[in-house]
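Undergrad: dropping the sequence and predicted coords here.
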Protein chains: 4
Amino acid sequence: MTVPLPRRLLAEFLGTGLLVAVVVGSGTAAQRLSPDDVGLQLLENSTATVLGLAVLILLFGPVSGAHFNPVVTLADWALGRRAGTGLRGQDVLPYLAAQTAGAVGGSLLANAMFDLPVLQTSDEDRTTSGHLLAEVVATAVLVLLVFALARTGRAAIAAPAVGAYVGAAYWFTSSTSFANPAVTVGRVFTDTFAGIAPASAAAFTAAQLVGGVVGAGVLLALHPTAGAAA
Amino acid sequence: MTVPLPRRLLAEFLGTGLLVAVVVGSGTAAQRLSPDDVGLQLLENSTATVLGLAVLILLFGPVSGAHFNPVVTLADWALGRRAGTGLRGQDVLPYLAAQTAGAVGGSLLANAMFDLPVLQTSDEDRTTSGHLLAEVVATAVLVLLVFALARTGRAAIAAPAVGAYVGAAYWFTSSTSFANPAVTVGRVFTDTFAGIAPASAAAFTAAQLVGGVVGAGVLLALHPTAGAAA
Amino acid sequence: MTVPLPRRLLAEFLGTGLLVAVVVGSGTAAQRLSPDDVGLQLLENSTATVLGLAVLILLFGPVSGAHFNPVVTLADWALGRRAGTGLRGQDVLPYLAAQTAGAVGGSLLANAMFDLPVLQTSDEDRTTSGHLLAEVVATAVLVLLVFALARTGRAAIAAPAVGAYVGAAYWFTSSTSFANPAVTVGRVFTDTFAGIAPASAAAFTAAQLVGGVVGAGVLLALHPTAGAAA
Amino acid sequence: MTVPLPRRLLAEFLGTGLLVAVVVGSGTAAQRLSPDDVGLQLLENSTATVLGLAVLILLFGPVSGAHFNPVVTLADWALGRRAGTGLRGQDVLPYLAAQTAGAVGGSLLANAMFDLPVLQTSDEDRTTSGHLLAEVVATAVLVLLVFALARTGRAAIAAPAVGAYVGAAYWFTSSTSFANPAVTVGRVFTDTFAGIAPASAAAFTAAQLVGGVVGAGVLLALHPTAGAAA
């Protein structure tokens, strides 16, 4: 990569922040406007996220790779180490910091746009064994998708593909597929439809890291050679 | 194809399994979250399937061809025999076994993610003459679509095209378009929105096989020469 | 075009027929499954049509051009006469006959799939001045879109573009955008959500022909030279 | 650009007019057909707009650039001045006039199609601090998206990307994302779901201009060099 690190960190900060603003903001709008049907709320929330996430990957991809997700950043570094194609080790922590800061900022921005107190936290307990299994599955398939596209020379279609995947994962996983530790932390800071309590956020993050390892393992079984860079 | 058979079977197993997990999981979520409107449930279920199926074809296509469907596998073998472009005869049964095992596993996974008993079967009778006609039509057009794209050199857009087709077919066929014997068997193993009783599954499978023959016939009328490989 | 006429007529027959089956079948499903909200019925109906129409254009486009619509066929012939790029005059009537026969067959097929009497007609009066204006606008923009894509060398994206256009037109025109005389005739033969009474069908067809002329006029103002063939 | 100015102005007039007709018309249909759930109305309205806007950009892009938006026109001129790639200064005011006239005409057309009094104005007060912040954010990201695609050589995918963005922005911004002064003025002229009172329109326009400046600033931070023309 030839883009200077500060510009890439700005892209990860803005992209993760806008992603959380899309998730939290559309969840808040859905909850207010469709109060009688939680499924309809989730359909509105997931539809906005499919479209928004695809656009954000298009927008920031050429600058930073559009990870917006610590698990993707860690996998990019780990999977590309030997071939020298992934993120450099010294850039990993700055990426994670930019993503997490952006995610928290995205919740605050959504709260402000909807005339809610800017600073707030969720007490929504989401921890069940089914939800944790769902986070493992959701994150494993996400990692498999991102890096399978890269290894087969199709990174250019990652934007619609990842957007579509998350839209399906909202519905087929019982947890509505957080699948992203930075976004999970950001969603602690809103007491709305998309919020999650801190203790559940910690459990979800652990499951997501397990999912990242599972996804990388399946990737190596299906595509043993590194092929093109991610 | 140069990908070793075990890797292709893993792709068919995972792809069919995740497809059934998407269908069953999103149906379960829809049923729970939108209890008052069956149409809204089907819209949520079909939207998730459109997105999920397209992604799974993108993900596993380069490895196994992303059949995920015994009718497609049989048609690929039958239509490509003369030109030597299709699946080899000796690979057909392993493909069918991997698809069916994956489909059953997908139901079990969805049941587990939604904190339901992992092992269960449906008693949803779906057999009417209209539904069986619908399965013939749904499968015929699916086979026609997949192999018309291949014969006109456009297999690269099969992922969004097949996803979109299934989304339309959920609605325009009265049966909600199973159109896939492996998925039909998998859906026996869930007593939720997407379930089907064993006797109906057998009748649906027969109709799907008839549909496959009809679709192949129309294909040969429209595109008599084999053209590029599927 | 080098495809023999009988094969092209088969494609127009099947394509228009399946298009009407999608419109009528998904309308019937929507009406049954979402009885309490007509808007939700229309959303289900329009979503299925967006997906289905795009797929049908992909499927039959390489064979017949995927007109499925007498106004498009007439415009293709009229706009391409001088440059010799359009449909030959002697093929126009066979195209119109295949489209109309297919459209009627599509209604009968949808009726059969939903276990309804196969032969039936609608008495749904849809004639208002607003609806007729809407049919003029809907058809004008459709013709403009199809031939502007052709004249700018982008006929390859007609499938998603026309599908998306019809999805918007279902909603922004008060008539739900029939915009197609063959489909209008076909929809006479179903007494369900998508049906239309014969007298309204005649008025709609007249408005659609006016719209076709308006669309061709705007096309010539924006793209005076014929450019590439449609 | 080699297309004569009058033809480009016709494209901006028609494109902005049809965009407003889509927004207002689909909003009117949604309000009538789904009276019991405002969220469902917005989902119907936003879905139609995603599809319609993408199509209109495809349709008129090769003629005028498909700005349909004074903020985009001003940014195109301002950002391209040095490199000589943007709109010429003398064309800016004609573009703005064509867009505004088209937008008003689009409202009148929608009113007529829905058999409503053609001339009417809204008294819907939409001014809150959250809504104004939302308009700044919505417009900033829109400008950033349009010109980031241009500066990275991907203007060809602007149609689906901008359509998708607006679909997300309907939901994640509390204001439902007007993000366009011409469309805002046009929406004054309808007393339906999509209407806005004149005083709110003025405040929204001011916020949109601020958003345009913010978006251009972020663009220059991420993509300092002009690269390819927009």
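TA: Cool, got the structure. Numbers count the residues shown, from 1 in each chain, chains lettered A, B, ... in the order given.

Undergrad: stretch A:217-224 and chain B, are they touching?
TA: Yes - Stretch A:217-224 lies within reach of chain B by Cβ under 8 Å from any Cβ of the partner chain, at A:218, A:221-223. Where C-beta positions appear, they are placed from N, C-alpha and C, glycine not excepted.

Undergrad: list the buried residues for that stretch?
TA: Buried residues in stretch A:217-224, counted by 16 or more other Cβ atoms under 10 Å in any protein chain shown: A:218-219, A:222-223.

Undergrad: please enumerate the strands of chain A.
TA: Ranges of strands in chain A, per DSSP state E: none exist.

Undergrad: show me which residues of chain A sit near chain B.
TA: Going by Cβ under 8 Å from any Cβ, the residues of chain A near chain B are A:37-40, A:42-43, A:46-47, A:50, A:128-131, A:133-134, A:137, A:141, A:144-145, A:148-149, A:152, A:154, A:157, A:161, A:164-165, A:167-175, A:218, A:221-223.

Undergrad: kindly recompute the last result at 7 Å.
TA: Applying Cβ under 7 Å from any Cβ of the partner chain, we find that chain A lies next to chain B at A:37-40, A:42-43, A:50, A:128-130, A:133-134, A:137, A:141, A:144-145, A:148, A:152, A:161, A:164-165, A:167-168, A:171-174, A:221-222.

Undergrad: using PyMOL, define a selection of the buried residues within these.
TA: Filtering these down to the buried ones (16+ other Cβ under 10 Å) takes a single PyMOL command:
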select buried, chain A and resi 37+38+39+40+42+43+50+128+130+133+134+137+141+144+145+148+152+161+164+165+167+168+171+172+173+174+222
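
Undergrad: center of chain A, which residue is that?
TA: Centroid check for chain A by Cα atoms, centre = their mean gives A:Asn180 as the closest residue, at 4.1 Å.

Undergrad: would you mind measuring from that one to chain C?
TA: 28 Å (Cβ to the nearest Cβ, to the nearest Å).

Undergrad: likewise for A:Pro35?
TA: To chain C, A:Pro35 is 15 Å away according to Cβ to the nearest Cβ.

Undergrad: cool, A:Leu53 as well?
TA: Counting by Cβ to the nearest Cβ - A:Leu53 and chain C are separated by 20 Å.

Undergrad: might one say that that residue is in contact with A:Leu19?
TA: Yes - counting by Cβ atoms under 7 Å, A:Leu53 touches A:Leu19, with 6.1 Å between them.

Undergrad: neighbour count: those two, which is higher?
TA: Using other Cβ atoms under 10 Å in any protein chain shown as the criterion, A:Leu53 and A:Leu19 rank with A:Leu19 on top: 30 against 27.

Undergrad: around chain D, pick out the residues from chain A.
TA: Close to chain D, as judged by Cβ under 7 Å from any Cβ, chain A has residues A:7, A:10-11, A:18, A:21-22, A:25-26, A:29-30, A:33-34, A:36, A:40, A:44, A:48, A:51-52, A:54-55, A:58-59, A:62-63, A:112-115.

Undergrad: circling back to that earlier point, so which of the residues of stretch A:217-224 next to chain B are in helices?
TA: Counted as lying in helices by DSSP state H, out of those, are A:218, A:221-222.

Undergrad: just list the residues touching the nearest residue to A:Asn69 once chain neighbours are set aside, thanks.
TA: With Cβ to Cβ, 6 or more residues apart in numbering or on different chains as the criterion, A:Asn69 has its nearest non-adjacent residue at 4.3 Å, and that residue is A:Asn180. Going by Cβ atoms under 7 Å, 6 or more residues apart in numbering or on different chains, A:Asn180 touches A:69, A:71, A:208.

Undergrad: A:Asp191: neighbour count?
TA: A:Asp191 - counted by other Cβ under 10 Å - has 18 other residues nearby.

Undergrad: look up phi and psi at it.
TA: Torsion angles at A:Asp191 (phi, psi; degrees, to the nearest 10) stand at phi -100, psi 50.

Undergrad: any idea how far it lies from A:Gly27?
TA: For A:Asp191, the distance to A:Gly27 equals 11 Å [Cβ to Cβ, to the nearest Å].

Undergrad: cool, A:Gly39 as well?
TA: The spacing between A:Gly39 and A:Gly27, counted by Cβ to Cβ, is 13 Å.

Undergrad: same thing with A:Ser46?
TA: Separation of A:Ser46 from A:Gly27 (Cβ to Cβ): 10 Å.

Undergrad: swap in A:Ala158?
TA: Taking Cβ to Cβ, one finds A:Ala158 at 24 Å from A:Gly27.

Undergrad: between those two, who's got more neighbours?
TA: Set A:Ala158 next to A:Gly27 and count neighbours by other Cβ under 10 Å: A:Gly27 wins out with 27 against 22.

Undergrad: re earlier: which one of the contacts of A:Asn180 has the most neighbours?
TA: Most surrounded of the contacts of A:Asn180: other Cβ under 10 Å gives A:Asn69, at 31 neighbours.

Undergrad: surely it meets A:Ala182?
TA: Yes - using Cβ under 7 Å, A:Asn69 and A:Ala182 qualify as a contacting pair, with a distance of 6.3 Å.

Undergrad: buried subset of the residues of chain A next to chain D, written for PyMOL?
TA: Applying 16+ other Cβ under 10 Å to those leaves a buried subset, and the PyMOL line that selects it is:
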select buried, chain A and resi 10+11+18+21+22+25+26+29+30+33+34+40+44+48+51+52+54+55+58+59+62+63+112+113+114
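
Undergrad: OK, contacts around the closest residue to A:Gln99 other than its chain neighbours?
TA: Once flanking residues are discounted, A:Gln99 sits nearest to A:Ala182: 3.9 Å by Cβ to Cβ, 6+ apart. Neighbouring residues of A:Ala182 by Cβ under 7 Å, 6+ apart: A:16, A:69-70, A:99-100, A:103.
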